[in-house]
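Undergrad: Predicted model and sequence below, questions to follow.
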Amino acid sequence: SPSGNDDTTATIVPGTDAVTIRHLSGTHEVLTDDVSPGAIGTLTVDDGSNFSAGDIVGVSDCGGGDVFAITNVAGNDISHPALLRGYTSNGDPDDPANPTLAALVAVRYFIGFDADGNPALFREEIDPTVTPRQPVQQTLIEGVESMQILYGVDNTGDNVPDTYVP
């Protein structure tokens, strides 16, 4: 696994590649108050009803983000562990420049075997709203026997890959 992650129920065919893509998804709630870096506390969002204690979420702005498990939800206040970054809000939930909070979703693509033992391309998603978090698998294309991923590397800074590596 490129991500070094083993949160899968999949049996990946040996010698094939798999890729996990993590992203923030669902309803993005806007932070309405500032958050200091390194402090344990609460994030105040415009609508906290989409979240529950234990949800894996991310808070982000144009400069970066933090991912964490929510420790408590009380109305629009989301309790969190210490965050690495600080976040500044102008208090306007309609301003897209403000930081947002959203659920973290993980999706993995891999070659596995279907119920009949035939190879196929699978998509596996970890649903952040289901506890305990169990992967949901979906067969995308039957008969796919191998997937090899190459990453383009820009060695010259011109935004064009110069070499490709497995």
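TA: Right, received. Where do you want to start?
Undergrad: low-scoring stretches of this protein, by residue?
TA: Filtered on pLDDT under 70, the chain yields the residue ranges 1-10, 127-134.
Undergrad: those strands in the protein, which residues are they?
TA: Ranges of strands in the chain, per DSSP state E, are 19-30, 41-44, 56-61, 64-69, 72-74, 77-80, 100-113, 119-126, 135-142, 151-153, 163-165.
Undergrad: Give me the helices and strands touching the last one, please.
TA: Strand 163-165 is packed against strand 151-153, with contacts defined by 3 or more Cβ pairs under 8 Å, 6 or more residues apart in numbering; DSSP states H and E. All C-beta atoms are positioned from the backbone trio N, CA, C, and that covers glycine.
Undergrad: contacting residues around the strand it packs on?
TA: Strand 151-153 is contacted from outside by 161-166, using Cβ atoms under 8 Å, 6 or more residues apart in numbering.
Undergrad: Give me the sheet partners of that strand and which way each runs.
TA: In the sheet, strand 151-153 lines up against strand 163-165 (antiparallel) (DSSP bridges).
Undergrad: to the chain's geometric centre, what's the distance from the partner strand?
TA: 26 Å (Cα atoms, centre = their mean, to the nearest Å).
Undergrad: State the distance from residue 50 to residue 80.
TA: Separation of residue 50 from residue 80 (Cβ to Cβ, to the nearest Å): 15 Å.
Undergrad: neighbour count winner among the two?
TA: residue 80 (21 against 17; other Cβ atoms under 10 Å).
Undergrad: give me the beta-bridge partners of that one?
TA: For residue 80, the beta-bridge partners under DSSP bridges are residue 41.
Undergrad: measure it to residue 60 for me?
TA: Distance, residue 80 to residue 60, by Cβ to Cβ: 13 Å.
Undergrad: Repeat that for residue 94.
TA: To residue 60, residue 94 is 18 Å away according to Cβ to Cβ.
Undergrad: Of these two, which one has the most company?
TA: residue 60 (18 against 7).
Undergrad: That one touches residue 104, doesn't it?
TA: No. Residue 60 is not in contact with residue 104 according to Cβ atoms under 8 Å; the separation is 10.5 Å.
Undergrad: and for the two, which residues touch both?
TA: With contacts taken as Cβ under 8 Å, 6+ apart, residue 60 and residue 104 have residue 24 as neighbours in common.
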